[in-house]
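Q: Sequence first, then the predicted structure:
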Amino acid sequence: MPSQHTAVKTLLLTGRQVKKLLAMEDTLGAVEEAFRHKGLAKVQMPPKIYLFYDKFDGDLRTMPSYVEDMDVSAVKIVNVHPRNAELHGMRTVMGLLVLVSPETGAPLAIMDATHITDMRTGAASAIASKYLANDEPKTVGIIGTGNQSRTQILALTTQYGGFDEVRLFDIDHERAKAAARQFKRKYKDKIDSVIPADTAEEAVDGCDIVVTATSSRSPVVMNEWIREGTHINCIGADAPGKQELDPEILKRARVIIDDWEQASHSGEINVPLMNGEITKNDIDGEIGEVVARHRAGRRSKKEVTVFCSTGLALQDCLTAKIVYDAAKRQEIGRFVQIV
């Protein structure tokens, strides 16, 4: 007779359901914990694996992780296709995540990870700013007003409460203006002034925090625009050949990355490393070491700090666990037997 096995029930969650279940406050906590656990070396997280669809100008990444002392494990697959909106009316970034039981290997949940990716990427900037920016920042400059700019602002306003001024720049000026109108409405009680800047220089000049969220392959922020005391979150450089900052900024700044293997291969530092403009000695350390208190945060009012974010699978993993637990509590989603 065939052996009898316990049925495996897997929770399915759509993007709409994930949005309902995930708040930025919780995402900030999950991302900070992810950084801390990495800094304490209590995780397994191989570097992202890439497939490049050159003829379609896109790529696919696979991102497994395991937070050992919390027994939380997941695998995310996520694409980046910059021309999707123009050619197909689809999102540039889409993700799918499988939450796995470390004890049995069974799939606990399969969920849309597009919103999770958006939220944890915004949260990573906010947590990095918490440790690396000067206290009580008043002004924020954002380069690139695509979808990620929205979760960057959401995360930063959640972290800090609000700002005196936010400046936005995009090579598509109409998109920057539309984002400014949206932010004015949504954050009217938290941001005093939202300005669509005419140039990138105008957007970052004198800002306490600068965020770059573009798909550029050449510098969009120049060294002479950055004043003493500025903190920069580099979000857009997430594949080989991408670059948003003048390498002179990296030479001058204290540079903190999220993961050496990923950052050296595909983060903001990948091009200047390849060109010999900087070396590994120019990188101060990883954000996990800072969060775990193994390395200092901001050391002076005047230093320029740069956080190079490539996105850690651990961030997705712990954020997805929050979604999963909330879904079970609220009885949202549908259990199915897949395996």
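A: Looks like it came in fine.

Q: ok, the residue nearest the centre of the chain - contacts?
A: For the chain, Thr121 is the residue whose C-alpha lies nearest the centre (CA atoms, centre = their mean; 2.0 Å). Counting by CB atoms under 8 Å, 6 or more residues apart in numbering, Thr121 touches 148, 151-152, 235, 309, 311, 315. From N, CA and C alone the C-beta is placed, and that goes for glycine too.

Q: ok, now Ala203?
A: Here Ala203 is in contact with 141-143, 167-169, 197 (CB under 8 Å, 6+ apart).

Q: distance of it from Gln315?
A: Separation of Ala203 from Gln315 (CB to CB, to the nearest Å) stands at 26 Å.

Q: What of Asp170?
A: For Asp170, the distance to Gln315 equals 25 Å [CB to CB].

Q: In terms of neighbours, single out the busier of the two.
A: Gln315 (30 against 24; other CB atoms under 10 Å).

Q: and the more buried one, what element?
A: Using DSSP states H and E, Gln315 sits within helix 313-330.

Q: next one: the next helix or strand after that helix to chain centre, how far?
A: Per DSSP H and E, the first helix or strand lying C-terminal to helix 313-330 is strand 334-336. When C-alpha coordinates are averaged (CA atoms, centre = their mean, to the nearest Å), strand 334-336 and its chain have centres 29 Å apart.

Q: ditto for stretch 210-221
A: Distance, centroid of stretch 210-221 to centroid of chain: 14 Å (CA atoms, centre = their mean).

Q: what's the average pLDDT for it?
A: Per-residue pLDDT over stretch 210-221 has a mean of 94.

Q: what sits up against that stretch?
A: 80, 82, 125, 140-144, 146, 148-149, 152, 156, 200, 204, 226, 230-236, 241-247, 249.

Q: Just the C-alphas of that stretch, formatted as CSV.
A: Extracted in CSV, the C-alpha atoms of stretch 210-221 (Å, rounded to 0.1, in the frame of the first residue of the first chain):
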residue,chain,number,x,y,z
VAL,A,210,19.7,62.5,-1.0
VAL,A,211,18.1,59.5,-2.6
THR,A,212,19.0,58.2,-6.1
ALA,A,213,16.5,55.8,-7.6
THR,A,214,17.2,55.7,-11.3
SER,A,215,18.3,53.0,-13.8
SER,A,216,21.3,55.1,-15.0
ARG,A,217,24.5,53.7,-16.3
SER,A,218,26.4,57.0,-15.8
PRO,A,219,26.6,59.5,-12.9
VAL,A,220,23.6,61.6,-12.3
VAL,A,221,24.8,63.3,-9.1
